[in-house]
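Undergrad: sequence first, then the predicted structure:
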Amino acid sequence: MTTTVPKPLVLLVDDDSDFLWQQKVQLEAAGFEVVTAVGESEAKRKLAERLPDLAVIDVMMDNPDTGFTLCYYVRKIAPNIPLILVTSIVSETGLDFSLASDNDRAWIPADALLAKPIRFEQLRGEIDRLLPGKAEPTAAEVAVL
């Protein structure tokens, strides 16, 4: 009898449909199951249906701080889900922040922070760090390496 190991589920939340599509295609090719949500309210509906193994959340969506409020919401309902914030705040506003200091980590409710535009390798590296051993590289990924 053969048993299949379930693919790790990644929730992608962004208001940019191109970003969602690009990341979804690449994550699925990397062996993940992916659910997308456009904005906070759709993300909350998806979270009510099924909790992901990891979430990638854009900071600026419906409001400039939507990603932060969504991260706080996820932390409240499922504190162990790793969260990756992605943002173009630096390029759009000049505001620079990171998770480098204890002060930043105290108010940013995420496990990783990536500045847009992001390369898939950056995202995959953070996912591998936060979900070690959860997904194996596919033949397509191995061919790229």
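TA: Received it, and whenever you're ready, just let me know what you need. Numbers count the residues shown, from 1 in each chain.
Undergrad: which of the residues in stretch 71-81 are buried?
TA: Cys71, Val74, Ile81 (16 or more other Cβ atoms under 10 Å). Using the backbone N, CA and C atoms, a C-beta is placed for each residue, glycine as well.
Undergrad: hang on, the last one is in a strand, isn't it?
TA: No - note on Ile81: no strand contains this position according to DSSP: H, G, I helix; E, B strand; the rest coil, which reports coil.
Undergrad: and the pLDDT at it?
TA: Looking at Ile81, its pLDDT reads 96.
Undergrad: for it, give me its contacts.
TA: Leu51, Pro52, Asp53, Leu54, Ala55, Val74 (Cβ atoms under 8 Å, 6 or more residues apart in numbering).
Undergrad: if I look at it, how far off is Pro64?
TA: Ile81 sits 23 Å away from Pro64, taking Cβ to Cβ, to the nearest Å as the criterion.
Undergrad: again with the first one
TA: Using Cβ to Cβ, one obtains 14 Å as the distance from Cys71 to Pro64.
Undergrad: about what we covered before: which ones among the contacts of Ile81 map onto helices?
TA: Val74 (DSSP state H).
Undergrad: buried subset of the contacts of Ile81 as a PyMOL selection?
TA: Typed into PyMOL, the line below selects the buried ones among those, using 16+ other Cβ under 10 Å:
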select buried, resi 52+53+54+55+74
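Undergrad: need the max-distance pair from the contacts of Ile81.
TA: Spanning the widest gap among the contacts of Ile81 are Asp53 and Val74, at 12.2 Å by Cβ to Cβ.
Undergrad: could you find the closest non-adjacent residue to Asp14?
TA: Asp58 (4.0 Å; Cβ to Cβ, 6 or more residues apart in numbering).
Undergrad: my guess is that neighbour meets Asp15, correct?
TA: Yes - in this structure Asp58 lies within contact range of Asp15 using Cβ atoms under 8 Å: 6.6 Å.
Undergrad: compare these two (neighbour count), which wins?
TA: Neighbours were tallied for Asp58 and for Asp15 using other Cβ atoms under 10 Å; the higher tally belongs to Asp58 (22 against 16).
Undergrad: how many residues are close by the residue lying closest to Pro82 once chain neighbours are set aside?
TA: Leaving aside its sequence neighbours, Pro82 sits nearest to Leu130 (Cβ to Cβ, 6+ apart; 3.8 Å). Close neighbours of Leu130, defined as other Cβ under 10 Å, add up to 16.
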